[in-house]
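> Please work out how this folds:
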Amino acid sequence: MRILVLNGPNLNRLGKRNPAVYGTTSMEQVMLNLQQAFPDVLFTYRQTNHEGCLIDILQDAVAEKEDIQSGDKEGEAVSGIIINPGGLCHTSVSLRDAVEDTVSAGIKVVEVHISDISKRETFRNVSLLSEVCSKSIIGQGTDGYRQAAMWLIERPEKENTAQQE
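Purely as a prediction, here's the structure:
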């Protein structure tokens, strides 16, 4: 199984930026924890501060899956994506559309937010992505990444509606 962990703007500063809200665990430690918890899963990590790059990465995962299914490419397609879109979840209709297309192509997408966005500033209360993601895990700290991986590994095959924890 192959899982893509995709982080948006400012998450390259995880563990250093605003530790009162986001904690002190670095993304490197999060990835190490995932690899140790799920040794049979191939995790790939990508982070970008640019909206268009996030969309390109999602579209590349879909294209790769389509190429593998058609026999044009060999290998294992991404089985699921864990995405922490950062602040773009509140503003980006384009990212929402790309996530919706990714899920429609059969790749499960789990949205993760380290903090509970519903208890933060008013402008952070709504995620445009939640209703198109396969699942949302919000406010569980960096453990949300582990929970997302677990859900992707154990998920019901036919389940494709947004759920929030």
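> So, low pLDDT: which residues of this protein?
156-165 (pLDDT under 70).
> Let me see the ranges of the strands in it.
2-7, 42-47, 80-84, 108-113, 135-138 (DSSP state E).
> what about the spatially closest residue to residue 127 that is not a sequence neighbour, how many residues close to it?
With sequence-adjacent residues excluded and distances taken as CB to CB, 6 or more residues apart in numbering, residue 127 is closest to residue 89, at 4.1 Å. Where you see a C-beta, it was placed from the backbone N, CA and C, and this is true even at glycine. If you count neighbours by other CB atoms under 10 Å, residue 89 ends up with 25.
> which residues sit in contact with residue 89?
Contact analysis of residue 89 by CB atoms under 8 Å, 6 or more residues apart in numbering lists 8, 95, 111, 113, 117, 127, 128, 129, 130.
> Format those as CSV; extra columns: neighbour count.
Supplementary listing: the contacts of residue 89 in CSV, determined by neighbours: other CB atoms under 10 Å:
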residue, neighbour count
8, 23
95, 22
111, 26
113, 25
117, 20
127, 22
128, 18
129, 23
130, 19
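> Let's see which of the residues you listed end up in helices.
residue 95 (DSSP state H).
> In TSV: the contacts of residue 89, plus distance to residue 75.
Converted to TSV, the contacts of residue 89 look like this (distance: CB to CB, whole Å):
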residue	distance to residue 75
8	26
95	26
111	26
113	31
117	35
127	32
128	32
129	27
130	31
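> With respect to residue 78, which of the contacts of residue 89 is nearest?
Taking CB to CB as the measure, residue 78 lies nearest residue 111 of the contacts of residue 89, at 15.8 Å.
> neighbours of the spatially closest residue to residue 22 that is not a sequence neighbour, just the number please.
Sequence neighbours aside, residue 114 is the residue nearest to residue 22 in space, at 5.1 Å (criterion: CB to CB, 6+ apart). Using other CB under 10 Å, the number of residues around residue 114 comes to 23.
> now the one 4 residues further on
Look at residue 118: counted by other CB under 10 Å, it has 13 neighbours.
> do residue 94 as well
Residue 94 - counted by other CB under 10 Å - has 14 other residues nearby.
> That one is in contact with residue 55, isn't it?
Yes. Using CB atoms under 8 Å, residue 94 makes contact with residue 55 at a distance of 6.1 Å.
> Report the buried residues of the longest helix anywhere in the chain.
If you go by DSSP H, the chain has its longest helix at helix 51-70. If you call a residue buried by 16 or more other CB atoms under 10 Å, then helix 51-70 has these buried ones: 51, 54, 55, 57, 58, 61, 62, 64, 65.
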